[in-house]
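Asker: For reference, the sequence and a predicted model appear below.
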Amino acid sequence: MRAFLLLAMSIPLVSGAQSIELKRTNTPITIDGVLDQTWALADSAYDFMQYFPFDSSLAEAQTTAKILYDNNYIYVLGIMENKPGKRDYVTPSFRRDFRGEANDGFTVIFDAFKDHTNGVVFGINPFGV
């Protein structure tokens, strides 16, 4: 089973991240959770590592991230794979701005100044928080 996440943010375009190439699209993107041909143009980030219980191995349930932009928005697509069977998500808090290293979730950080210090974080967990 796959879960899809698509965020559209109306912010000025800044230089892309180091691990994924930001590509422009002229095709309108519909935010509907459907992976259409427009996304074939996008570069992918994958083979993410897990934080917990070991931070030195690949995540058991992998994620693929893609990113595109147009004149108005930056579009981020996350394809999160689920392990078969019952899913016990780890989310100890629904508070805003809590530290979430040991939580299941999908987070995008825009390092607009490319200084590895200042960034804007957008994220979501399996419960939509």
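Answerer: Yep, it's here.

Asker: any idea which helix or strand comes after the lowest-mean-pLDDT helix or strand in the chain?
Answerer: For the chain, scoring each helix and strand by mean pLDDT, DSSP states H and E identifies strand 2-9 as the least confident one, at a mean of 42. For strand 2-9, the succeeding helix or strand toward the C-terminus, using DSSP states H and E, is strand 23-24.

Asker: Adjacent strands (with direction) for that following strand?
Answerer: Using DSSP bridges, strand 23-24 pairs in its sheet with strand 63-69 (parallel).

Asker: can I assume residue 39 sits in a strand?
Answerer: No. With DSSP: H, G, I helix; E, B strand; the rest coil as the criterion, residue 39 is assigned helix and is not in a strand.

Asker: For residue 40, give its distance to residue 113.
Answerer: Distance, residue 40 to residue 113, using Cβ to Cβ, to the nearest Å: 31 Å. Every C-beta, even on glycine, is put in place using the N, C-alpha and C of the backbone.

Asker: Look at those two and report which has more neighbours.
Answerer: In this view residue 40 and residue 113 are compared by other Cβ atoms under 10 Å, and residue 113 has more residues nearby, 11 against 8.

Asker: what about the more buried one, which helix or strand?
Answerer: Element membership for residue 113 (DSSP H and E) is empty, with no helix or strand holding it.
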